[in-house]
Structures are given as structure tokens and as C-alpha cells.
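K.L.:
sequence and predicted structure, then a few things I'm wondering about:
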Amino acid sequence: MELIYFPVKGRGEAIRLMLLENDVNYTETSCANNWVSDWKPKMAFGQTPCLKDGDLTLFQSNAILRYLARKYNMYGNNDQEACRADIVNDSVEDLRCEYTNLIYRNYDAGKEEYVKSLPSKLSNFEKYLKDKSPFILGDHICFADYNLFDLLDIHLVLAPSCLDSFPALKALHAAVGSRQKVKAHKESDACKAMPINGNDKQ
Ligand SMILES: N[C@@H](CCC(=O)N[C@@H](CS(=O)(=O)O)C(=O)NCC(=O)O)C(=O)O
């Protein structure tokens, strides 16, 4: 497989974690050089990440996550579990969009207000997840866990105490983060050197 993305964690990190966890032999290509002239026109919707798997070319980060989930049996054991995973993943997307807007459009003026409003947003996840642990589906991991893990991880950089009042979220973050391949990746020099976002904000 080939992941084409910018050299940032961003919307690529959850995809990288799923590829690593499933021992997928993949290469990563940076589209940072000549993005507008060389790469953007090749992207169906003018944006990246893009994942190539043989003859299949995928766009949209959440479509890529769901493709990998179906391919590697990480979409729950039944329709009810798949629906729960979808609900959480779409909620992750909502907060990720708010985060991305802060980072790229309103960081200096908006950070204080964003951090102040964060508990009310995280409490929704906490309430929805607290009856199953440590993962979204209980004792087995699914694609949405990696996306939620990454979302929590980047918010811990922005607001280090943001999970202090949310034991279920703290447990999920620890459960995903302590998995051998995830831990090795997060501790790698390459991961540590990779910025979260494409500007100097985090
Ligand atoms: N809905 C898309 C959004 C993708 C997106 O916003 N990509 C950004 C890069 S990043 O924000 O994910 O890091 C991009 O291609 N930006 C370049 C451009 O829009 O020209 C997805 O989920 O993949």
C-alpha cells in the first residue's frame, strides 16, 4: 500500500496506526513539494490523505479508516457494534474539524475559549463511552479507537489536563497507547519529529 500525505500527524496518524497494527507493508509519500501544481490535481477532491492499495485509490481520511476496518476486521462483530463505531468516529470528525479550524484559522485569539469549552465536548464522549471499556466496543478494538486516540493525543498537547475529569477517555487513551506497536510508533524518533499540524501551532 502507499499512503500519500503531508509530513504531519494530522489526518494521517490514525491511518498510520491501523496500518502498523495490521503489519501492512506500506510506503509513505510526502505530497508537500509542489502540492498545488503536482499533487492537488491528482486528488479527486483536491485534498489528501490518499491511500493506494493495488488498483484501488482511496480519498477522505474516514473512508480510508473504514476501508481498513473492513479489510482487517476492525469494524465490530455485528451491525450494532459497527453503528456504535460509526457514531463515535463521526463525533471524532466533528471535534477534529473544530480543532483544525482553531489551529489554522484562529489559534492565538481562539485557544483560550476553545480550551474552556473543551470539557463540555469531551464529556459527551465520556458519557457515551463510560459503560464499555477500555475500547469503544468494550474488550475489542475498532478503527474508531485509533481515531479517537489520536484526537485525545493532540488535545493533550493543546491542553495537558483535558482528560483529568474523564476516566473513560483516559482509560481508552492508555489502552490504545500502550499497545505494543502503537507505543513503539509513538516512541520512535520519526513520530516524535513529525509535527501534528502543517503550521507551527499545536
Ligand atoms: N475531509 C477530508 C479533509 C482532508 C484535508 O483537509 N486535507 C488537507 C490536509 S490536512 O488538513 O488533513 O493536514 C489538505 O489536503 N489541504 C490541502 C488543500 O486543501 O489544498 C479528509 O478527511 O480526508
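P.N.:
Sure, I can see it. Numbering: from 1, shown residues only.

K.L.:
please, where are all the strands along the chain?
P.N.:
Under the criterion DSSP state E, the chain contains strands at 2-5, 27-30, 50-53, 56-59.

K.L.:
format the ones you listed as JSON lines; extra columns: mean pLDDT and mean neighbour count.
P.N.:
Using the backbone N, CA and C atoms, a C-beta is placed for each residue, glycine as well. Shown next, in JSON lines, are the strands of the chain (pLDDT from 0 to 100; neighbours: other Cβ atoms under 10 Å):
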{"stretch": "strand 2-5", "mean pLDDT": "98", "mean neighbour count": "18"}
{"stretch": "strand 27-30", "mean pLDDT": "98", "mean neighbour count": "13"}
{"stretch": "strand 50-53", "mean pLDDT": "98", "mean neighbour count": "19"}
{"stretch": "strand 56-59", "mean pLDDT": "98", "mean neighbour count": "14"}
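
K.L.:
nearest to residue 105, of those strands?
P.N.:
Between residue 105 and these, the shortest gap by Cβ to Cβ is with strand 2-5, which sits at 20.7 Å.

K.L.:
tell me how far that closest one is from the chain's mean position?
P.N.:
Distance of strand 2-5 from its chain centroid, counting by Cα atoms, centre = their mean, to the nearest Å, is 15 Å.

K.L.:
okay, domains of this structure per the record?
P.N.:
The chain breaks down into these structural domains: 2-72+184-193, 79-179 (assignment by automatic domain parsing).

K.L.:
got the contact list for the residue nearest the centre of the chain?
P.N.:
For the chain, the residue nearest the mean C-alpha position is residue 147 (3.3 Å; Cα atoms, centre = their mean). Residues in contact with residue 147 (Cβ atoms under 8 Å, 6 or more residues apart in numbering) are 14, 62, 65, 89, 92, 93.

K.L.:
can you redo the residues you listed as TSV with pLDDT?
P.N.:
Putting the contacts of residue 147 into TSV (pLDDT from 0 to 100) gives the following:
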residue	pLDDT
14	98
62	99
65	99
89	99
92	99
93	99
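
K.L.:
give me the buried positions along stretch 8-16.
P.N.:
Across stretch 8-16, burial judged by 16 or more other Cβ atoms under 10 Å covers 8, 9, 10, 11, 12, 13, 14, 15, 16.

K.L.:
how about the third one, nearest residue that isn't a chain neighbour?
P.N.:
In other words, residue 10. residue 197 (6.2 Å; Cβ to Cβ, 6 or more residues apart in numbering).

K.L.:
list the contacts of residue 170.
P.N.:
163, 164.

K.L.:
then residue 154?
P.N.:
By Cβ under 8 Å, 6+ apart, the neighbours of residue 154 are 9, 99, 196, 202.
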